[in-house]
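Participant: sequence first, then the predicted structure:
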Amino acid sequence: MAKKASTGKAVKKKSNSKLSFHKQLVLNRFMFRFFKDRTLQGLKLRLGEDRFEGIHEDGQSLFFHELSNYLFEVDLVDLDELRRYDLNIVKHWQQITEHRNRKEDTVLNMKYFQYLSLLFTEIYLDWNFNRKQELLDGLNRELEAYNVENSKTAKDRANQFREYILDDLNKLAFWNATGSGKTLLLHVNILQYLHYFQNGNANHYPDKIILLTPDERLSQQHMSELYDSGFSHIQLFDKSKPTPFRGTIEVIDINKLADEVGDKTVAVEAFEGKNLVLIDEGHKGTGTAAGAWMRRRDKLTRDGFAFEYSATFGQAVSDGKTVDAVELDIKKKKAKMLFETTALSKLTDEQLGQLDLDTEEKRDARIQATREVYGKSILFDYSYKFFYEDGYGKESLILNLNPEQDKQDERRYEYFTACLLSFYQQQYLFNKNKDKLAEFNIEKPLWVFVGNTVGGEDSDIHAVLRFLAWFLNNETQAKAWIQDLVDNKARILDTKDRNIFEKRFTSLMNGPEDIYADILAKLFNTTHSGQRLRVLNLIGSKGELALQVGEAEPFGLINIGDSPSLYKMCEEDTTFDYQRDDFARSLFHTLNDKDSKLHILIGSRKFTEGWSSWRVSTMGLLNMGRGEGSQIIQLFGRGVRLKGRDYSLKRSTPGLRPKGIHLDKLETLNIFGVRADYMATFKQYLEEEGITPSDEILELNFETRANLPATKLKTLKLKDGYKDNQKHGFN
């Protein structure tokens, strides 16, 4: 039997720095103690190479064979246990990818981070079902070490967590970047849990298996994904239907759960029991309605088990609290009611005694303390910073309009024109080099506009329509601006007075003679200039409006849900034409078709989650990001997804790119913002994650010499005392 998990020496930390949530993941720390390197970076050095992906002829994964080479702690997990865990993972993985492999005509192999996520899950579930007390003791030793590290000052101690109790062990969370395959992870987790729950009895199931999603659209997507993974007993929740038999996966969006029965909702008590609950986008329960949601989640999982998944736990719990802090808040509220003060230091011992929390209040504090809840339940952290460092996903290019220039309509239209030209450049390169791009699995570019408001006087959707109409109605001015942009004339500056489109259109310098005409053909699906924009309200597809030029095939789509106020604005706008089409079918589901002629998708914030496409190459953001931390990262994740060469999910490296096709521009997500402090917020997020934003990168181009001089080369050196000062450090 494996021995108890030991803890390492407490590490001192700077008391004057805010503790990153990455450093508060106690469960994640505990799991790394099963391995020699004890960090994700350390295991990546041994397992991160592509040669370890796949299955050995003996049926074990190639990761297992490398791990068995002195990479695990034999005192905690022996080789036979590791072998058993690995065989379980391989079996589950092959089960969920069998249909997908046939469908895509490929072989989906686990990436190292996916394998480690599943291996951590195997270890945790085995200990939770078979060695629960050892698991509890090991976690509390880890937590004790964490608290010691955070004990020097009062500020440090504010980061401390309460010890684990048995009720804390029935939930796991995965902090995985969008595009890192969390859907497949979720599917394997179902099989992993059932393996340990059934313990050889295939007819033994939890009371319910529930997959919670943020909305109906994502529920439909999950139904499709479950089917592709070979799950046959799946059902969209419908309160009017009879209860399905055990083993059925019920997919329901969280908006249908309430404390009491309603016309469209069901009381959460109807789902109480020994359930397996899987929660997609778990951060949804940490916002303004966190209290009600967290209590419902507790009722759903109290006697069962929960898996949660989100790309944005860090942002979602940024204002979250520890149990100590929540209990203090409860006491202050009671003090305000009883003694009309929140200053507990002014109360007598007798008065303080009246503030003692009862059992239910203490339980509620443990439920509401979101920072501590997730700090103690996140099993694996593969958030965006790790995803990006490993070369996955697209690069991002943030090109934001100076806020002062943003106030000028003409300057804003000029900026819009530059955004359009950036997207057209991607279209031009894609169509010109389609054959050479095939091996890199580059999809047809798609421009996505996301607005904060749909209807009303400040409708962002209407603003996009007016720009598109302007571009079609003002050919002469648009052509002049396009020529200046291609000629690299500085017209649009950032807050540092830099030309934000400096050398951005070099691939168009030898491009079409009449770029405007080619834009009409490639983007607007027309060869005739001088025609007006037409907005078609597809009445049969609620909330969809098609965009076309004259009688040409639709080039764009608005997907917003029903908005009578927007329709009225479109009817009254004289810069474009508005019509109803009572018989047209939905176009939204055709966006990902190989032969799709839709090049622009316009929507509201619902694109921050649920909808998925490999096509997104440019994003235009209007009024986005004002205090919406989690949605910012969700939205970004929709665009950086990349299939990559051999379905590696990775962007290419300069040495492997064919010359002359400008592959880097097609593996970059262009992000433009109008009245969008999204940019500042997102840049801050990147910097906090240790990633240098694209507009802060200084490119130095030095002339190269074939023969080095005989004299000693001069090198850059930091002044003493400036080691950590990047701004002033070089001399």
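Facilitator: Okay, I see it. Just so we're clear, the structure is a prediction, and the values are computed from it rather than from any experiment. Numbers count the residues shown, from 1 in each chain.
Participant: now residue 641. Nearest residue, chain neighbours left out?
Facilitator: Nearest residue to residue 641, sequence neighbours excluded (C-beta to C-beta, 6 or more residues apart in numbering): residue 179, at 4.2 Å. Glycine gets a C-beta too; all of them are placed from N, C-alpha and C.
Participant: and for residue 351?
Facilitator: Closest to residue 351 by C-beta to C-beta, 6+ apart is residue 339, at 6.1 Å.
Participant: likewise residue 564?
Facilitator: The shortest distance from residue 564 to any non-neighbouring residue, by C-beta to C-beta, 6+ apart, is to residue 455 (7.4 Å).
Participant: go on, residue 177?
Facilitator: residue 387 (3.7 Å).
Participant: that neighbour contacts residue 393, doesn't it?
Facilitator: Yes. Residue 387 is within contact range of residue 393, at 6.2 Å (criterion: C-beta atoms under 8 Å).
Participant: the more surrounded of those two?
Facilitator: residue 393 (25 against 22; other C-beta atoms under 10 Å).
Participant: state the number of residues packed around the nearest residue to that one once chain neighbours are set aside.
Facilitator: Excluding the flanking residues, the one nearest residue 393 by C-beta to C-beta, 6+ apart is residue 640, at 3.9 Å. Each residue near residue 640 was counted by other C-beta under 10 Å, and the total is 23.
Participant: residue 297 too?
Facilitator: When neighbours are defined as other C-beta under 10 Å, residue 297 has 23 of them.
Participant: now it: how far from residue 170?
Facilitator: Separation of residue 297 from residue 170 (C-beta to C-beta, to the nearest Å): 11 Å.
Participant: anything in contact with each of the two?
Facilitator: Common contacts of residue 297 and residue 170 (C-beta atoms under 8 Å, 6 or more residues apart in numbering): residue 306.
Participant: please name the nearest non-neighbouring residue to residue 252.
Facilitator: Closest to residue 252 by C-beta to C-beta, 6+ apart is residue 237, at 3.7 Å.
Participant: surely the residue nearest to residue 564 touches residue 561?
Facilitator: No. The pair residue 455 / residue 561 is not scored as a contact, 10.4 Å apart, by C-beta under 8 Å.
Participant: more crowded one of those two?
Facilitator: residue 455 (19 against 11).
Participant: where does the more buried one land in three-state SS?
Facilitator: Per DSSP: H, G, I helix; E, B strand; the rest coil, the secondary structure class of residue 455 is coil.
Participant: picking that back up, who touches both of residue 387 and residue 393?
Facilitator: 177, 179.
Participant: check which helix or strand covers residue 324.
Facilitator: Using DSSP states H and E, the element containing residue 324 is helix 323-339.
Participant: give me the buried positions along that helix.
Facilitator: Buried residues in helix 323-339, counting neighbours by 16 or more other C-beta atoms under 10 Å, are found at 323-328, 330-331, 334-335, 339.
Participant: same list (the residues you listed) but as JSON lines, adding pLDDT and distance to residue 92.
Facilitator: Below are those laid out as JSON lines (pLDDT from 0 to 100; distance: C-beta to C-beta, whole Å):
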{"residue": "323", "pLDDT": "95", "distance to residue 92": "35"}
{"residue": "324", "pLDDT": "94", "distance to residue 92": "39"}
{"residue": "325", "pLDDT": "94", "distance to residue 92": "39"}
{"residue": "326", "pLDDT": "94", "distance to residue 92": "37"}
{"residue": "327", "pLDDT": "95", "distance to residue 92": "40"}
{"residue": "328", "pLDDT": "95", "distance to residue 92": "44"}
{"residue": "330", "pLDDT": "95", "distance to residue 92": "42"}
{"residue": "331", "pLDDT": "95", "distance to residue 92": "47"}
{"residue": "334", "pLDDT": "95", "distance to residue 92": "49"}
{"residue": "335", "pLDDT": "95", "distance to residue 92": "52"}
{"residue": "339", "pLDDT": "94", "distance to residue 92": "57"}
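Participant: tell me the one of the residues you listed nearest residue 119?
Facilitator: residue 323 (29.8 Å; C-beta to C-beta).
Participant: thinking the closest one is in contact with residue 160, fair?
Facilitator: No. Contact criterion C-beta under 8 Å: residue 323 and residue 160 do not qualify, at 9.6 Å.
Participant: so which residues of the stretch 51-200 of the chain form strands?
Facilitator: In the stretch 51-200 of the chain, the strands defined using DSSP state E, counting those that start in this stretch lie at 171-176.
Participant: just the stretch 251-400 of the chain next, same as before
Facilitator: Using DSSP E, counting those that start in this stretch, strands in the stretch 251-400 of the chain cover 257-258, 266-267, 276-280, 305-310, 378-382, 395-400.
Participant: for the fourth one, give me every contacting residue.
Facilitator: To tie it back to what came earlier, the one meant is strand 305-310. Residues contacting strand 305-310 (C-beta under 8 Å, 6+ apart): 170-176, 182, 185-186, 189, 193, 206, 275-283, 297, 300, 316, 377, 630.
Participant: any idea how many residues pack against residue 382?
Facilitator: 25.
Participant: quickly list what it is bridged to.
Facilitator: Judged by DSSP bridges, the bridge partners of residue 382 are residue 176.
Participant: list the contacts of residue 591.
Facilitator: Residue 591 makes contact with 446, 557, 598, 601, 613, 615, according to C-beta under 8 Å, 6+ apart.
Participant: buried subset of the residues you listed?
Facilitator: Members of these classed as buried by 16+ other C-beta under 10 Å are 446, 557, 598, 601, 615.
Participant: ok, so of the residues you listed, who is nearest residue 103?
Facilitator: The nearest member of the buried ones among the contacts of residue 591 to residue 103, counting by C-beta to C-beta, is residue 615 at 18.6 Å.
Participant: dihedrals phi and psi, the nearest residue to the closest one once chain neighbours are set aside?
Facilitator: Once flanking residues are discounted, residue 615 sits nearest to residue 446: 3.7 Å by C-beta to C-beta, 6+ apart. Dihedral angles of residue 446 (phi, psi; degrees, to the nearest 10) stand at phi -140, psi 130.
Participant: try the one 4 residues further on
Facilitator: Phi and psi for residue 450, reported as degrees, to the nearest 10, are phi -130, psi 120.
Participant: pretty sure residue 714 belongs to a strand, no?
Facilitator: No. Residue 714 is assigned coil when assessed by three-state DSSP, not a strand.
Participant: low-confidence ranges, the stretch 201-350 of the chain, go.
Facilitator: 282-290 (pLDDT under 70).
Participant: one more time with 50, if that's ok
Facilitator: Within the stretch 201-350 of the chain, the stretches with pLDDT under 50 are 285-288.
Participant: what about stretch 319-338, distance to the chain center?
Facilitator: The chain centre lies 32 Å from the centre of stretch 319-338; the measure is C-alpha atoms, centre = their mean, to the nearest Å.
Participant: swap in stretch 195-209?
Facilitator: Distance, centroid of stretch 195-209 to centroid of chain: 31 Å (C-alpha atoms, centre = their mean).
Participant: before we move on, what about stretch 189-197?
Facilitator: Worked out by C-alpha atoms, centre = their mean, stretch 189-197 lies 25 Å from the chain centre.
Participant: contact partners of stretch 446-459?
Facilitator: Residues outside stretch 446-459 that contact it (C-beta under 8 Å, 6+ apart) are 420, 423, 460-461, 463-464, 560-561, 563-566, 569, 591, 598-605, 607-608, 613, 615-624, 626, 635, 638-639.
Participant: report the buried members of those.
Facilitator: Going by neighbour count (16+ other C-beta under 10 Å), these have 420, 423, 460-461, 463-464, 560, 563, 566, 569, 591, 598-605, 607-608, 615-624, 635, 638-639 buried.
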